[in-house]
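K.L.:
Sequence and predicted structure, then a few things I'm wondering about:
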Amino acid sequence: MQQSNVEHATIQCRKYHDSISEAQHFNIGSIAATHQKHRNEPSIQVQRLFRAHARDIYKDVFLVFYTSSFSRLRNNAYLCTLIIETSKMAENTNGGSNYSASNIQVLEGLEAVRKRPAMYIGDISEKGLHHLVNETVDNAIDEAMAGFCTHIEVTIEEDNSITVQDNGRGIPVDEHEKMHKSALEVVMTVLHAGGKFDKGSYKVSGGLHGVGVSCVNALSTHMKSQVFRNGHIYQQEYEKGKPLYDVKIVGDTDKTGTRQQFWPDGSIFTTTIYNYDTIAKRMRELAFLNAGITITLTDLRPDEEGKMKQEVFHAKDGLKEFVRFVDRHRTHLFDDVIYLKTEKQGVPIEVAVMYNTDYSENIHSYVNNINTIEGGTHLTGFRMALTRTLKAYADADPQISKQIEKAKIEIAGEDFREGLTAVISIKVAEPQFEGQTKTKLGNSEVAGAVQQAVGEALSNYLEEHPKEARMICDKVVLAATARIAARKARESVQRKNPMTGGGLPGKLADCSNKDPKQCEIFLVEGDSAGGSAKQGRDRYTQAILPLRGKILNVEKVQWHRVFEAESVMNIIQSIGVRFGVEGEGDREANTDKLRYDKIIIMTDADVDGRHIDTLIMTLFYRFMPKVIQEGHLYIANPPLYKCTYKKVSEYCYTDQQRQAFIDKYVNGDENSSALHTQRYKGLGEMNPDQLWETTMDPANRLLKQVTIEDAAAADEVFSMLMGDDVEPRRQFIEKNATYANIDA
C-alpha cells in the first residue's frame, strides 16, 4: 500500500513537472525545514539536505506529501523533481534482487565525517561552524589543564579562516609506532587518535571523544598545522582532511606549542562567516574555568569604522570571578563568595556560591570545561550537600529553630536554593555522558565525592560566618512560607486529563486533533489578532490563545505570585505543564502531559511585540526550561511589508528584502507611483487569509526556535533585561540601539 502511494505521487509529480516551463520552478526552502521564503533560485544547501535525509526517511516523506500536503505542492515543481530523484534512490536502495556486496560502502579515513558531519559536530549551521573553533581550542585547553600551557591566541583572519596557537608542548612529530607515519599526521587525519586516550599524557580532557581536530580538518577546504618543538617548526597542510605532503621542517624556533589554521568548507556549512561575540563568550567562559590561563581573541576583519577587535580573557581567581560575573546584575544578599577547591576520591572539585535577593535558582555546572546543561550526578551531589548541611545548621541553632516552629512551616530542599547562584566545575578522568553532546553526567561515583566536598566546605563556612548564615536561613524561612502559600495556586494547574479540555481557559480556541505531536498552539498578542488567527488557522492542528496586554514579569516576583497571575495561568493550563508532580516540594515543570509539540509566540513586529516576546521567554526560561530544552518553543516572524508593483506582490520580512524588491522592479525609486508598500505594524492589520499565508501556514511561514546553548549567558541576559538593576540595562540599550527596529 505504501509503495503504491509512492508510485502514484511520483507519477503525478512527473506529469506536472513535464507540463510547466522552467520559469515556474520554485524553491523548496520552507518545506525542507529551512523556512525561507520562496525565491527564484533553489538553495544549494536545501537540495543537499533534502537528498541527504531522503534516503533514510523517504517512506515517511512520501506518505506525508501524498496524504496531507500534495495539494499544496502542485505549485512546487522543483520539489516534484526531488521526489522523483528520491524515488529512484529508494528503488535502488530497496530493490531486493539488486542488493549485493556492491551496495556495501566502506568509508575510509575522514570520509564518514564529510558524509554525515552533523553526527560529529551537531549541525552544519552557524552553531556547527563555531563548534570547529571550540574543538581546536579544546586541544590547547587540555594542555593547560595538564599544566603545560599558559597562553592561547585565537584569531579570526580577514578571510574568515581561524588561527589557534598555544604555548604548550606541541603535538608530537616523531613516527607513530603502529601507523608508521608522523604522530602529527595521525592526530590530524585519523578519528579517535590523540593523547587524551593515554591517561599518562592527559588526566582529563574535553573535546569530542578524540575526534575533535581531525573533524575540523575533514570539514575544512584547507588546513595548515604547525608544531613548534625540538627547536624546529614542523608543518603539514591538508585539503578536506587529506595531507598534501609529509610532515617537514620549515624553520627553526625557540618556542614550543601548536598553531592550527583552517578554512571551513562552504559546500558543507550553510554559512562560513564567524560571529565574534559567539567565540568571545566561549573564550571568556574557558578563562573563568581555568584560573590563570590567558586567552587572547583577535578579529582582523575591520568593522564599519575600519577598526579591529581584540580582547584578553584572564581570571586569576577562576570560579570566584565567574560567579560574580554571572550574578553581577542581581542584588547580593551578602558580598561574600562561598568557595571551595579540593579533590575527593580522585575527582578535582571547584565550587563557587553566592546568594542574592531574587527568587530563582541559578546553577551552572561543568565537567572538563563542558557545560552540562542537563546537570547530572555532580549537580545531584551538590544539591544534596546544600540541603543537608543548611538543614542541620538550622536545626542546631536555637533561634532559627524557634523561628521555624513559630512560622509553622516545614523546610524543603528547594527552599535552601531560592536566590542561589552557583558554578560547579569538576574534572573526571573517564566521564560518562548521556549522548554525544555531553549535556548530562552519568558517573555515579561523582555524586558522593561532590556531596562530601561541598558538605565539609559549607559547614566550615557557616560556623565561621554566623551573620551570613543567619541571613541565608532567614531567606530560607521566607521561601518556605511562600511555597506553602503557593500550594493552592499550583494545584489549580493540575487537572485530571488535559486532553479532554476540562479546566482549560475560556479564551483558548483548541484544535480538534488529540495527538500532541501533530498539534501546535499560537500565543497571540491581542484579541484582534487572536480573532484573525482563529479564523485563518488550520482548526485540526492549530490552537489559538489570545493574550491581553503584557504578562507578568516573573523575574521580579516570588514563586507563588506567578501562579496568582491570570495571564500566566492561562498559558500554563493551556499547554498542559504541571508542577508539584513529585510532591509539594517539587518545583520542576513536568512536560509529560504537554498538549502541543510547538508553542509559538506570535506578536506584532514592533517594540511592544518584542517586549511581550521577552516576557514570555522569561516565563519559560525561569519556570519551564524543559520546554525550551526539548525544542518546543518558537517565535513566529510576521512580515514587515507587503510590496506591490502592478500585478506583482511580495511579502518582505526584512528591510533588506523590501529594498531588493524596490531595486528589482522600480530601479531603487521608493517614490515611484507604481510602487505600493504596506507596513504591517500589527497582526490585527492582516485579514485571516494573509495571516495564514504569511505567518501560520507550515509551508510558507518563518519560525525561530528558542534554544539554550549557553545557560550562563542566557541567565545573565534575562537578569539584566528583566531585573531591577537599571544601569546595566541602560548600557545594553545604548550599545545595541543601532540594531533595534523602532517605529517612530
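P.N.:
Cool, got the structure.
K.L.:
Helix, strand or coil: sort out V450 for me.
P.N.:
Assigned by DSSP: H, G, I helix; E, B strand; the rest coil, the conformation of V450 is helix.
K.L.:
For F382, see how far away it is.
P.N.:
Distance of V450 to F382, computed by Cβ to Cβ, to the nearest Å: 5 Å. Backbone N, C-alpha and C define where each C-beta goes, glycine included.
K.L.:
what do these two both touch?
P.N.:
Each of 351, 424 lies in contact with both V450 and F382 under the rule Cβ atoms under 8 Å, 6 or more residues apart in numbering.
K.L.:
Which secondary structure element of this protein has the lowest mean pLDDT?
P.N.:
The helix or strand of the chain with the poorest confidence is helix 44-64; it has a mean of 40 (mean pLDDT, DSSP states H and E).
K.L.:
Would you map out the domains in this protein?
P.N.:
Per automatic domain parsing, the domain ranges recorded for the chain read 2-103, 114-314, 319-485, 489-638.
K.L.:
residue boundaries of the strands in the stretch 401-550 of the chain?
P.N.:
420-426, 520-525, 542-547 (DSSP state E, counting those that start in this stretch).
K.L.:
re the thing from before, make JSON lines from the domains of the chain and add mean neighbour count and distance to R730 to it.
P.N.:
JSON lines is the format used below for these (neighbours: other Cβ atoms under 10 Å; distance: least, Cβ to Cβ, whole Å):
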{"stretch": "domain 2-103", "mean neighbour count": "15", "distance to R730": "35"}
{"stretch": "domain 114-314", "mean neighbour count": "18", "distance to R730": "20"}
{"stretch": "domain 319-485", "mean neighbour count": "19", "distance to R730": "12"}
{"stretch": "domain 489-638", "mean neighbour count": "18", "distance to R730": "16"}
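K.L.:
JSON lines please, covering those and showing distance to L675.
P.N.:
Compiled in JSON lines, these are given as follows (distance: least, Cβ to Cβ, whole Å):
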{"stretch": "domain 2-103", "distance to L675": "19"}
{"stretch": "domain 114-314", "distance to L675": "29"}
{"stretch": "domain 319-485", "distance to L675": "46"}
{"stretch": "domain 489-638", "distance to L675": "21"}
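K.L.:
ok so, going back, what about the strands of the stretch 401-550 of the chain, which gets the closest to A589?
P.N.:
strand 520-525 (16.0 Å; Cβ to Cβ).
K.L.:
Contacts for the closest one next, please.
P.N.:
Contact with strand 520-525 is made by 530, 533, 537, 541-547, 571, 574-575, 595-604, 608-609, 612, 616, 636, 683, 696, as judged by Cβ under 8 Å, 6+ apart.
K.L.:
out of those residues, which are inside helices?
P.N.:
With helices taken from DSSP state H, the overlap with those comprises 530, 533, 571, 574-575, 608-609, 612, 616.
K.L.:
May I ask which two of those are separated the most?
P.N.:
The span of the ones in helices among the contacts of strand 520-525, defined through Cβ to Cβ, is set by I575 and D608 at 23.0 Å.
K.L.:
ok now the helix or strand harbouring T644, how far from the chain's centre?
P.N.:
According to DSSP states H and E, T644 maps onto strand 641-645. On the basis of Cα atoms, centre = their mean, to the nearest Å, strand 641-645 is displaced by 35 Å from the centre of the chain it belongs to.
K.L.:
And A291, how far from N362?
P.N.:
Noted for A291: a distance of 21 Å to N362, by Cβ to Cβ.
K.L.:
Just to check, T271 is in contact with E126?
P.N.:
Yes - the pair T271 / E126 is scored as a contact, 5.6 Å apart, by Cβ atoms under 8 Å.
K.L.:
Q731: neighbour count?
P.N.:
Q731: 11 surrounding residues under other Cβ atoms under 10 Å.
K.L.:
what does the model give it for pLDDT?
P.N.:
Looking at Q731, its pLDDT reads 72.
K.L.:
for H676, same thing?
P.N.:
Taking H676 on its own, its pLDDT is 91.
K.L.:
my guess is it is in a strand, correct?
P.N.:
Yes - membership of H676 in a strand is supported by three-state DSSP.
K.L.:
and the residue lying closest to it once chain neighbours are set aside, what is it in contact with?
P.N.:
Nearest residue to H676, sequence neighbours excluded (Cβ to Cβ, 6 or more residues apart in numbering): T644, at 4.4 Å. Contact partners of T644, counting by Cβ under 8 Å, 6+ apart, are 675-678.
K.L.:
Closest one to T387 out of these, please.
P.N.:
For the contacts of T644, the residue nearest T387 by Cβ to Cβ is Q678; the value is 58.4 Å.
K.L.:
Which residue, neighbours along the chain excluded, lies closest to that closest one?
P.N.:
Residue nearest to Q678 in three dimensions, not counting chain neighbours: K642, with 4.4 Å by Cβ to Cβ, 6+ apart.
K.L.:
Lowest average pLDDT across the domains of the chain?
P.N.:
Among these, domain 2-103 carries the lowest mean pLDDT, at a mean of 40.
K.L.:
ok so, going back, so can I have CSV of the contacts of T644 showing neighbour count and distance to S182?
P.N.:
Putting these into CSV (neighbours: other Cβ atoms under 10 Å; distance: Cβ to Cβ, whole Å) gives the following:
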residue, neighbour count, distance to S182
L675, 16, 64
H676, 12, 67
T677, 15, 63
Q678, 14, 65
